[in-house]
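# Here is the input, now give the coordinates:
(2 chains)
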Amino acid sequence: MAEVLLENINKNFGKIKAVDDFCLQIMDKEFIVFVGPSGCGKSTTLRMIAGLEEISSGNISIDQRIVNNTHPKNRDIAMVFQNYALYPHLSVRENISFGIRAQKLPKNEITSRTLEAAKILGLDELLDRRPGELSGGQKQRVAMGRAIVRKPKVFLFDEPLSNLDAKLRHKMRVEMKKLHQQVQTTTIYVTHDQVEAMTLADRIVIMKDGKIEQVGSPDEVYHKPNSQFVASFIGSPAMNFISGTLEFLNNRNSLICDGGEMIDLVDWPDLVGSKLTMGIRPEHMELKTEKSSKVINTVLDAKVSVLEPMGHEVIVTCDSNVGEVIGKYTGNTKLKVGQTIHFEFKKENIHFFDENSGKRVS
Amino acid sequence: MFVSFWNKLSINQKLAITAWLFLAVPIVFYVCIRFYPTFEAFYVSTLKWNLLGAKKYIGLRNYEKIFADEDFWLVLLNTFKYAGLGVPISLFIAFCVAYFLNEITRWHDFIRALYFIPFLTTAVAMAWVWKWFYQPLPIGYFNFFLNYLGIAQQPFLKSVTQGLYAIMAPAVWAGLGFQVVIFIAGIRAIPRSYYEAAEIDGAGRWQILREITLPSLKPTVIFLTVVSTIGFLRIFDQVYSMTTNGDGGPLNTTKPIVLMIYEFAFDEFKIGRASALTVILFVILLVISMFQLWLMRKKP
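Below is the predicted model:
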């Protein structure tokens, strides 16, 4: 159990800045997820914590001990790799016990700890098999077994579920969460999948171009994204964005869109004159087939162009005079392509970002 | 007619016919150039024939004569010494070179090229250079160094006990480049994450070598063992070039089977007996290769 402290971490590959002034305090027992598009530096950061990659500057501490120049094996960490890194010629038992055999623990302790780890992961029946005889999910579990058997201070996971199919991924996600609740070890988890990040994390670190965009609980990053990038990255389908200038016209605030179109905004903060990007999540676009008589919300008229039925809901892609917008619809009325509909959105569900910096302004 | 026939075939049949058409050329070539002479050798091995005169069928007399020949058993032993020592020694050295060469990045390509050059060089040219190295003082380098270190001169190629090893050395050296390159390719094919996982788990160099590198290289080792065993069992150039008059001396102590075949055929013109010995070598190669493949395939 340990706290991990990252202070002003930089990593340069030649002229490329892979990680730029990364600062983060990871609490004891916390499950933290680094998420971001490929090349954002999340894996590099994880590998620096592991000691597989040297840091260019800054300080990494694990359990209040600076480990900048400590060999990986002396950092008391365990890592699970994307391709599992199981040794094909060793049995499950030998794979799981690899680390504790390397530590030269007494034989009976090796046996008992291997069995204990196997039991936690439901691998007791498979101990004598070779990795080649296992399914993807089982291999994944062996890889986790190899990590937990060492009882390290910190678990590091590098995209551990991305080689699994969708169904298995969900199952392993649940198992991973259970495992963390059981062993309560500080965990740092890297993924490019925002669903994994949202479902697993106590806190999410969203990265872009080597920098932290936002750190927060899944709730915070979803409901209060710091920037347009975070807003677009978290949530599926992605948030709708409409750019324009906020003006005070006819006694009310209006967003004059870049194309010259105007959206009347009901009850809006005082940011008149600013160039803004307005963001609304598809799930917050309330779809009405009839226009309400009493306007209390902001309304956007649109024409249905594509319908994607998902069973419990329909994803509706529409053309509007401010560009393409996407909404979700759970109502009973059957929609038709070409039909005119009205989206209403409430004040509390609208996000405003500065058009230049992309930062949140309200 | 042809078009309508072709259109009636299934996709698999069409693929098979196309494949066989392309294979036909090398098959014809191999049958004429390789397989026919091989089978011809089986036939010739039952003849008494001096290449020009009449052929006389004598059954298995050639084989009987070979097995009754004391020299044959010495030559057979020599051949097995070349392979039995040459293969493990060369594989061990090649692995060590590849293992350490893989760990450096600076000069890597240049050093690898240096190791590969002997493989590209003519065996005869190399053999002559080595023969010169082995000369007594004041010419030979090796004896010069021994002398410098205060050790007595060695006869090397002139000795019945050292001759075979003196010839084996350049043979090992010549094949090294090829083996190193194959080993490096094998080592590089091992996923990096195996090593990273081991590093984090705290495995030492020895555990990594024993539990990861060597087992992962098993297919490479099998391939190199089979190929170089065949190579050493067919050793000829080095012996022919480095021994006096190319006779596999002194006293036949360095003579391998192929040299004996050559002498039967082109010194004594006993073509039938040479063919019989060729067949024997063929059987030995076949049995050993099959045995190695079987031995190494047992465990995954």
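# can we go C-alpha only for contacts and neighbour counts from here?
Noted.
# roughly how far apart are A:Asn108 and chain B?
Computed with Cα to the nearest Cα, to the nearest Å, the distance linking A:Asn108 and chain B is 19 Å.
# Okay, and that residue sits in which element?
Under the assignment given by DSSP states H and E, the secondary-structure element containing A:Asn108 is helix A:107-120.
# can you dump the C-alpha coordinates of the very next helix or strand once past that helix into PDB?
Towards the C-terminus, the helix or strand next in line after helix A:107-120, according to DSSP H and E, is helix A:136-148. The C-alpha coordinates for helix A:136-148 follow below in PDB (Å, rounded to 0.1, in the frame of the first residue of the first chain):
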ATOM      1  CA  GLY A 136      -7.800 -14.700 -23.900                       C
ATOM      2  CA  GLY A 137      -9.600 -14.000 -20.600                       C
ATOM      3  CA  GLN A 138      -7.700 -16.800 -18.800                       C
ATOM      4  CA  LYS A 139      -4.400 -15.400 -20.100                       C
ATOM      5  CA  GLN A 140      -5.400 -12.000 -18.800                       C
ATOM      6  CA  ARG A 141      -6.100 -13.500 -15.400                       C
ATOM      7  CA  VAL A 142      -2.800 -15.300 -15.300                       C
ATOM      8  CA  ALA A 143      -1.100 -12.000 -16.100                       C
ATOM      9  CA  MET A 144      -3.000 -10.400 -13.100                       C
ATOM     10  CA  GLY A 145      -2.000 -13.400 -11.000                       C
ATOM     11  CA  ARG A 146       1.600 -12.800 -11.700                       C
ATOM     12  CA  ALA A 147       1.100  -9.200 -10.400                       C
ATOM     13  CA  ILE A 148      -0.900  -9.900  -7.300                       C
END
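# So what touches helix A:136-148?
Contacts of helix A:136-148 from elsewhere in the structure, counted by Cα atoms under 8 Å, 6 or more residues apart in numbering or on different chains, are A:78-81, A:84-86, A:92, A:95-99, A:117-118, A:121, A:123, A:131, A:155, A:160-161, A:163-164, A:168, A:172.
# and the residues you listed near chain B, which?
Here is what survives when the contacts of helix A:136-148 are matched to chain B using Cα under 8 Å from any Cα of the partner chain: A:Ala78, A:Met79, A:Val80, A:Phe81, A:Ala85, A:Leu86, A:Phe98, A:Gly99.
# wait, the third one sits on A:Met176?
Think A:Val80. No - shown here, A:Val80 and A:Met176 do not form a contact pair, counting by Cα atoms under 8 Å, at 12.0 Å.
# More neighbours: which of those two?
A:Val80 (26 against 16; other Cα atoms under 10 Å in any protein chain shown).
# which residues does that one contact?
A:Ala143, A:Met144, A:Ala147, A:Phe155, A:Leu156, A:Phe157, A:Asp158, A:Pro160, B:Ala197.
# Tell me the spacing between the second one and B:Leu285.
Looking back up the chat, that one is A:Met144. For A:Met144, the distance to B:Leu285 (Cα to Cα, to the nearest Å) stands at 48 Å.
# Look at the two and report which has more neighbours.
Higher neighbour count among A:Met144 and B:Leu285: A:Met144, with 25 against 18, using other Cα under 10 Å.
# Got the confidence number for the more buried one?
Looking at A:Met144, its pLDDT reads 89.
# Ok, B:Gly249 next?
In the predicted model, B:Gly249 carries a pLDDT score of 78.
# Next step: the ones next to chain B among the contacts of helix A:136-148 restricted to strands.
Secondary structure defined by DSSP state E assigns A:Ala78, A:Met79, A:Val80 of those to strands.
# For the last one, list each beta-bridge partner.
Each beta-bridge partner of A:Val80 is listed here, defined by DSSP bridges: A:Phe157.
# Great, nothing more from me.
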